[in-house]
Every structure is written in structure tokens, then in C-alpha cells.
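S.K.: Fold the following.
(chains A and B)
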Amino acid sequence: MVSHPGQVVSASGVQGGRWVSIWSLLALTIAAGVSVPLLAVLSSFLTPAGDVWRHLWQTQLLELILNTLGLLIGVGVGTVLVGTGLAWLVVYYRFPGQTLFEWGLILPLAIPAYVLGFVCLGLFDFTGPLQTLLRGLLGAHLRLPTLRSYWGVTLMMTLVFYPYVYLLARAAFLGQGATALETARSLGRTPLRAFLVVTLPMARPALVAGGALAMMEALADVGTVATFGYRTLTEAIYRVWYGMFDRPAATQLASGLLGFALLLLLVERLSRGRARYIETYRRGTGVTPTRLHGWRAGLATGACLAVLGPGFLVPVGQLGVWTWRTVQAGQLAPTFGTLLGNTVYLATLATAGTCLLALVMAYASRLSVSPSVRWASQCATMGYALPGSVVAVGVLLPLAWLDHTIVAWLAARLGQSGSLLFTGSAAGLLFAYLVRFLAVSLQTVDASLTRISPSLDDAARSLGAGTGRVLRRIHLPLLRSGVLTALILVFVEVMKEMPATLLLRPFGLNTLAIEVWQRTADAMWQEAAAPALAIVGAGILPVLLAVRLSVRR
Amino acid sequence: MRRVIWMLHSVMVSMLFSMGWDAVCLGQQPAAEEVVVYSARSHYGQEPAFEAFTRDTGIAIKSFGGNPSELFERLRAEGDKTRADVLISVDAGNLWNAAQTGLLARIEAPELQAQIPAHLRDPDHRWFGLTVRARTIMYNTRNVKPEELSTYEALGDAKWKNRLCLRTSSHIYNQSLIATMIKRHGEAKVEAMLRAWSANNPTMINGDTGILEAIAAGQCDVGVTNTYYLGRLLAKDPNLPVAPFWANQHTTGTHVNISGAGVTAYAKNRANAIKLITYLARPEAQQLFVTTNFEYPANPQTPIPPLLASWGTFKQDDINIAAAGEYQMTTIKVADRAGYK
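M.R.: Next up is the predicted model:
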């Protein structure tokens, strides 16, 4: 339940203070490590950036900032509405296709946003089959509003980013159990009203966390905004970097994105205030869904299809058609198996590492009384708001410095020149994934961890359990679905990550995303379909697995 | 906890493993004969010309791809320890930038210099054009007669109001076109041209292929794209109602850009690197480029495939293409001032 200031919330730290500080120390160390690339990005301010800023200020900076803000708001509102609405439908109601939709609605996550954008433009823009057909029927002078607009970009991003909200909202709704809701209903509330008054406020941390993730994705996205010709701060970064050859100025602009991310985190914190969102206890009773009939059932199924159709079925269908043509033409890359293996290998390592560290950090912020740990961990997640190649440069610069220092040291000691150890190693790439995606796992784990009552910790601790034991015996079992969600999200994210992989990958190591890049970089979209489809396919497997593991109790 | 520790352990081991694997790769003595290529042009990795080189010389090619600016960043970070011998990139602006920031070495290669016309290579011998990418006016053959067209500048004429498709000024192809014009005519004149283009309410489309499809579908009647994109589309559908018009034939010539190569500053296999670039500039290798991607050869001795020949010969703008880099930053500023997005 929502408890308010004044109520005693936690007495952790009564026992085992030493362990608490070790957890804090661990969390602070991780945060420091993850912050290094962010600091490297910020350090670009040490290099004077010519008159790029003055030029931007005179011509377009305000427009860029307003566009970026507009996109953030649009994607935030869109994803929260769509994600929460769909989660509400599949958790509280039964309708045709509901069991399929329950996991199927996660799938758009596996579609890279720029791929959806490109496919939709191809199908629905002026030259696409739909408008061509309409012009054939209604006359050649038919002009429909173009998708290449603010609304087009917002729609595309909402369609692929809403699963963050959906997943977290669904987990929160399921986790709340039925008790509170039934109490409200027994007090005479209608089901909808009970949902709005009781369930929704209690799920707020999950909704805000999901919305924040979606908005940070929107900030980092460059492919979609470029495809749609919508000018944001992120697009300007690349205009300055690629066009003006001014990488320091580009990274300075990227720091502006960090500013936006900080703003998001602040809003999240402030909206949470000092309230706590805790389930009092879990009864065996899960939610009892209501069966829908007639037009209501049709409406529910229709709503799910209306999102899943353009967000998943259409792009996958298009990719499928293209892949089929590629296979028929015998153009499938011969190394396809190796690419898939490499991709899964990297994604597995990155996922395991990222989620483990997120768990440590989330738990440390729970244990620590001082807000410093929480703030440190939040700041460490801001890499998610940066485009992959900016993070990659932030990783590359310190790693290369380290390498050259080591080589110079070895050369002085041993009198022979070595080669670079970290630059272009899988370890460097995994580190970049960590910096980029820690936010995903941390937000997810944290959102489910805050729902567990501290009184459980206190009870266990007063019975003599250490902090590690409490985590293992009490939290982990309760966190199962939260951790699973984090694992899926990170796994899928890493698999479709392209720019950081492109820049940091070891020599000779290629992944599916690299294969996609090799084709799309030269506008060969049809040829890029096969690897893109494989990314989607490999993303579906863990989703299915997680669904099996998290069947409703 | 034990399970967690086990997980941590396995993650650590795997990380070390993957590091060790790279260290082993990097520590290897170079194979008897090889040359390492960093390529910022995606499909150079699979170019038939590379295979032909290995077949003819016995020198193995190892390539590593990436986007130009990011790849340069990596090359810079690797410094004197890089494995890269050759840097290949699309766009003269990128090559100019690489040279300018010390990533490329000056080489003396008389045969190479003789094969590639002077305006398609660095005056200081640090990079050399290998293929030519002509960027010209494309028109819908049903709605436009070629007589109505003349120059890039004339696309600002009011008769093209609402009939023009353009790429954004964020894209390097248009930046290079505008940069060379600025070098020739000065900022004021070019800014006026861009204002006139923008005044025609152009449809902004991100992608040359997209522009060509829009012209074919009648969304617009004229646009500016690279010719090889048209080549690819015509290979799929020979009846596409789009044709190239060679711009500025009576004035400065049609704008051409290049994709090209240079030897890296810290190349370990310098001799092989020069050998590779020289090889790629010969007509036999050039022919392999033009037949696979419909680009024009940089070496004028190379025979042209039938489709390209059907478009006729044209006068290239012979301003040294290094201008694309020198004036690129100015270009963006001018475009921003002119309101050309």
C-alpha cells in the first residue's frame, strides 16, 4: 500500500551495518566504473569547439530543443497510455486471443525502431502500395498527410517502445494481487474506478520507470529521426560530427542529452516523492480476470491487434517477404550461423553481467540509509539516453588511454612493444553494453524491489539473517518476474544494438546487427532483411522462455 | 549466493576468454603476406576486386568495416598500434578529414598517380579516388522534357515549385555538391541558390532511392541523386520512368564525388598497402567495381558497362574534390542560414 511520510518504513541497518556499507561500497564502485565513459563524454568541454555553438544558437538550437522536448512528451504519453492500457486489458480481462497477446505484446521490442520506420515509410508513404492503390482508385492528385512529421516519428517510437511500460505495468498489476482491488470493489467501486483509484496509483513506480526508459530510448534514437527527417538534438549531434567533422562539439551536444536524462530522473524522483509503494503481503489469491463478451471482447481484441499489427506483424511480414526473396536469389550470407552464434554469445554475457550488477546496485540502494547510493546508481544509468556511438567513443577514449599506458609501461620494463589489450576487445564492447543498458535492468529490478515491504527484510534480519541471505532467500524469489523482465529487455536490446558494436567490436567478430548495417549503410534494405529477421527471431525465444517461467501463480 | 557467485565467476571467465582471444589475434605475427583494410564503405569487404587482388598477388586482405567518422575515431584511438594498413572511405570530404587529422600517410606511387585524374585525388598524395559517383538531376520522363533542365542552380526556378524532391542538408552527398559550388562561386551566390531551392517547397526525402521512387511515382518531377542508385533500380525494373540529366554541361560540369583509399599513417604493411591501392586503380580491377555497383570508374581507361553507356558521356566538374572537405563546414552553415534543412 502507499504509505506516507511519518510512518516507519524501514529499520534496516540495525544489524549488520558492516555489510550494508560493503553493499554500498560495491554499488558506488560499479557506479564509478560506469560513469567513466560518461565523464569522457563530458570531458569534451575541455576542448574548445570552435564556433559551432554560436552557429547553432543563431540558427536552430531552440528549434532542436523544442523538437526534442516535444518528442519526449509525445513518446512518454504515448507509451504510458498504450502500455498501461494493454497491460490492464490482458491482466484483468479474458477475451479471444488474450493468452497469445499477453506475451505477444512484448514482441515489438525486438524490432529496431529505424527498421519499423523504414518499413512503414515504404508501405504507407506516397510511393508505397497503399497510397498508390488509393491514387489508382481516387485519382492521381490525391495527397495524404505525410508520415514524415512529428506525429509519424512519435507514432513509430510509441509502437516499438511501449513494451517497456507494458512489461513493467503487467508485472506490477500481477504483483499487486487481488486483495486491494477486491477491497475497493467491496466498498462499491466499479471495476474501472477501482483500477483507476487503487491499482494505477500503486503501479506508479513501474509506469514511470517504463515511461522513462521509453523516453530515454527516444532521446538516444538517431536512425528513426533521420529516416523521418525530424530534427532533434540527437540528429544535430551527427550533423556536427559527420558534417562539420567536429567530434568534440558533437560530444558536447551529447552532454545536452545527459541534461535531458537528468531531468527525466528528477521528474521520476519528484513524482514518487516520499511515498513508498509496497505490497503489504501476498495472498495466494491472484487477480481473477473478468470474461468479456460480445462487442466488448471484440474491442479488446481489436485494441491489441491495432498495436501489434503495425508494431510487429507488418514489419515482420515485410522482412519475411524480403528475406524470402533474398533466399531465393541465393544471397544469404554464408556465415549466417556464426553471426547468430556471436550475437547470442555477446548478448548472453552482457545480459548476465548487466542484470547482476543492477541487482547489486538496486539492493545496495535499498539497504543504504543515505541517498548517495541511490543517486550514484541513478546517475550511472544515464548512458541509456546517449546514442550508441557516443557511448562507444566514451568507452574507446579511456580504454585506448589505458592500453597505450600499459604498452608504454611494458615497453619501458621489458624493452619490447606489445599490442593493445582492451581496445577492440570483447571486454571493451561488453563494458559499453553495460554502460548503455544498465538503466534497463536497474529500473526494472528497482521497480519490483521497491514493491517488497521492508518489514520482510527487518523480520528476516531480526531473525539473524545476513544481508546476502535476505537477498537470496526473501528477495530473489519475490523478484523472479522482475529479474526475468530485466533479462529479456537487456538481451533483446544488446542483440539489436548496432552503433557501439560497430565501433568497438573485436577485429573479425561480426554479429547480426553488423550484417544489417553492412546492407542498410548502402540502402540495400531488402538484403538486410534476413539478419534483421534473425534478430527478431532470437529475441522471441527468451520472451517465450520467460513466459513459461513466469506463469501466473 | 553461491549461484550468484558462480554466475559472476562464469561471466569473468568468459570476459577474460574473449579478451585473451583478441590478444592472441593481435599478438600474432602478421601472416607471410597480408594487408589490413579499414573500410568505411560497407560492401568493399565483399568486393570482387579484393578477391582478384589476393588471387593475383597471394596477399591476403583482412577487412574491418564501420561508419566513416566512427572508424576514424577508432583508428585515432589505436594510434601507432593499429593493425590498419589501408583506409577506404566513401566521400572525398571524409578522406580529406582523415588526411587533415593525420590518419593518412603521403605516398609516392607513380603508377597510381598516373592512373587517377588529378581532380580525383589529394594534391598531397594521401588519398586517391577509386570510383566516381556522379550526382546529377533526375527527372520523370513522362512529366518533364530534358530541354526544361539545365543546371543545379536552375532548380530554384519557380517552375519547379512543389515539383522538387531533395535530400536534407545533413547528408554528405548534398554537402559535397554544395561545398564544391561554394569553393567556385563563393558563399553568397550559393546561399541564394539554396534559398531558391527552399522557396520551391521541396519534398525532403532521406535516401537517394526514396527520391527516385518518389519521382517515378509522380510525387515530384525532378530531384538530385547519385546515378548508381538509378542503376540499381533500373536493373530491377528497366521501365522505371526516371532518367538522369547531366547538369551544368555548359558551365562547370556535373558534380562528382569519389570513394577512395589511402595508406594509414602507422601502416605495418606499407608496401602491400600501396600495392593494393595501385592494383585497384588499374582498369581490370576498376571494371569489377563498375559492373557490381553501377558507379563510374575513376580510371578513364576503364570500359563502361552498357547501362552507364546508355546514359551518354558527360563533362565532370574538374574542381579538385578535396574542396568537398575544405568547404563542408561552411556548407552546413550556409545551408542553415538559407533555411535549407
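
S.K.: For chain B, what is the nearest residue in chain A?
M.R.: residue A:426 (3.2 Å; CB to the nearest CB). (Each C-beta comes from the backbone N, C-alpha and C, glycine too.)

S.K.: Tally up the residues packed near that residue, please.
M.R.: 26 (other CB atoms under 10 Å in any protein chain shown).

S.K.: give me phi/psi at it?
M.R.: For residue A:426, the backbone dihedrals (degrees, to the nearest 10) come out as phi -60, psi -30.

S.K.: I'd like the distance between it and residue A:507.
M.R.: 11 Å (CB to CB, to the nearest Å).

S.K.: Whether whichever helix or strand residue A:86 is part of contacts chain B - can you check?
M.R.: For residue A:86, the host element (DSSP states H and E) is helix A:61-92. No - using CB under 8 Å from any CB of the partner chain, we find that helix A:61-92 stays clear of chain B, coming within 9.9 Å at best.

S.K.: Can you pull the poorly scored residue ranges out of the stretch 201-341 of chain B?
M.R.: Of all residues in the stretch 201-341 of chain B, none has pLDDT under 70.

S.K.: Near chain A, which residues of it are found?
M.R.: So the stretch 201-341 of chain B meets chain A at B:204-210, B:213-214, B:216-219, B:229, B:325, B:328-329, B:331-333, B:336-337, B:341 (CB under 8 Å from any CB).

S.K.: what's the distance between the residue of chain A closest to chain B and residue B:213?
M.R.: Distance, residue A:426 to residue B:213, using CB to CB: 40 Å.

S.K.: And residue A:226, by the same measure?
M.R.: 18 Å.

S.K.: Could I have the buried ones of the residues of the stretch 201-341 of chain B next to chain A as PyMOL selection syntax?
M.R.: In PyMOL, this line selects whichever of those come out buried by 16 or more other CB atoms under 10 Å in any protein chain shown:
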select buried, chain B and resi 204+205+206+207+208+209+210+213+214+216+217+218+219+229+325+328+329+331+332+333+336+341
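
S.K.: Out of the residues of the stretch 201-341 of chain B next to chain A, which sit inside helices?
M.R.: Assigned to helices by DSSP state H, the following of those qualify: B:208-210, B:213-214, B:216-217, B:229, B:325, B:328-329, B:331-333, B:336-337.

S.K.: got the contact list for the residue positioned nearest the centre of chain B?
M.R.: With distances taken as CA atoms, centre = their mean, the residue of chain B nearest its centroid is residue B:90 (2.7 Å). Counting by CB atoms under 8 Å, 6 or more residues apart in numbering or on different chains, residue B:90 touches B:40-41, B:68, B:133, B:257, B:259.

S.K.: Then residue A:532?
M.R.: A:112, A:115, A:319, A:512, A:516.

S.K.: Wait, the fourth one touches residue A:341, no?
M.R.: No - counting by CB atoms under 8 Å, no contact exists between residue A:512 and residue A:341, whose distance comes to 10.0 Å.

S.K.: Between those two, which is the more surrounded one?
M.R.: residue A:512 (29 against 13).

S.K.: residue contacts, the more buried one?
M.R.: A:339-340, A:343, A:495, A:531-532, A:534-535, A:538.

S.K.: Could you provide those in TSV, with additional columns for secondary structure?
M.R.: Formatted as TSV, the contacts of residue A:512 follow (DSSP: H, G, I helix; E, B strand; the rest coil):
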residue	secondary structure
A:339	helix
A:340	helix
A:343	helix
A:495	helix
A:531	helix
A:532	helix
A:534	helix
A:535	helix
A:538	helix
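
S.K.: Going by neighbour count, which residues of stretch A:137-149 are buried?
M.R.: For stretch A:137-149, by 16+ other CB under 10 Å, it's A:146-148.

S.K.: Check stretch B:294-311 too.
M.R.: Using 16+ other CB under 10 Å as the test for burial, stretch B:294-311 gives B:294-299, B:302, B:304, B:307-308, B:311.

S.K.: Tell me which of the residues you listed fall in helices.
M.R.: Among those, the members found in helices (DSSP H) are B:307-308.

S.K.: Could I get the average pLDDT for the longest strand along chain B?
M.R.: Longest strand in chain B, counting residues (DSSP state E): strand B:128-140. Average pLDDT, strand B:128-140: 95.

S.K.: quick one: whatever helix or strand comes next after it near chain A?
M.R.: Counting by DSSP H and E, the next helix or strand C-terminal to strand B:128-140 is strand B:164-166. No - on the criterion CB under 8 Å from any CB, strand B:164-166 is out of touch with chain A, staying 10.0 Å away.

S.K.: what about the very next helix or strand once past strand B:164-166, distance to the chain center?
M.R.: Downstream of strand B:164-166, the next assigned helix or strand under DSSP H and E is helix B:172-185. Offset of helix B:172-185 from its chain centre (CA atoms, centre = their mean, to the nearest Å): 14 Å.

S.K.: Could you check the angle helix B:172-185 makes with helix B:208-217?
M.R.: 90 degrees (axes from the mean of the first three to the mean of the last three CA atoms, to 10 degrees).

S.K.: confidence score at the nearest residue to residue A:256 once chain neighbours are set aside?
M.R.: Computed as CB to CB, 6 or more residues apart in numbering or on different chains, the closest residue to residue A:256 that is not its neighbour in sequence is residue A:233, at 5.6 Å. Residue A:233 carries a pLDDT value of 88.

S.K.: how many other residues sit next to residue A:233?
M.R.: For residue A:233, the neighbour count with other CB under 10 Å is 22.

S.K.: Then residue B:225 would be within a helix, right?
M.R.: No - Residue B:225 is assigned strand when assessed by three-state DSSP, not a helix.

S.K.: what is it paired to in the beta sheet?
M.R.: Here residue B:225 sits in beta bridges with residue B:136, going by DSSP bridges.

S.K.: That one is in contact with residue B:139, isn't it?
M.R.: No - counting by CB under 8 Å, residue B:225 stays clear of residue B:139, with 10.9 Å between them.

S.K.: Neighbour count: these two, which is higher?
M.R.: residue B:225 (27 against 22).

S.K.: Identify the residues contacting the more buried one.
M.R.: Applying CB under 8 Å, 6+ apart, the residues near residue B:225 are B:135-136, B:138, B:167, B:208, B:211-212.

S.K.: Check the residues you listed against residue A:248 and report the nearest one.
M.R.: Closest approach to residue A:248 among the contacts of residue B:225 (CB to CB): residue B:167, at 26.7 Å.

S.K.: Can you read off the backbone torsions of the closest one?
M.R.: Dihedral pair for residue B:167: phi -80, psi 160, per degrees, to the nearest 10.

S.K.: Likewise for residue B:37?
M.R.: phi -110, psi 130.

S.K.: residues touching it, list them.
M.R.: Per CB under 8 Å, 6+ apart, neighbours of residue B:37: B:44, B:50, B:61-64, B:84-88, B:276.

S.K.: let's see it at 7 Å
M.R.: B:61-63, B:86, B:88 (CB atoms under 7 Å, 6 or more residues apart in numbering or on different chains).
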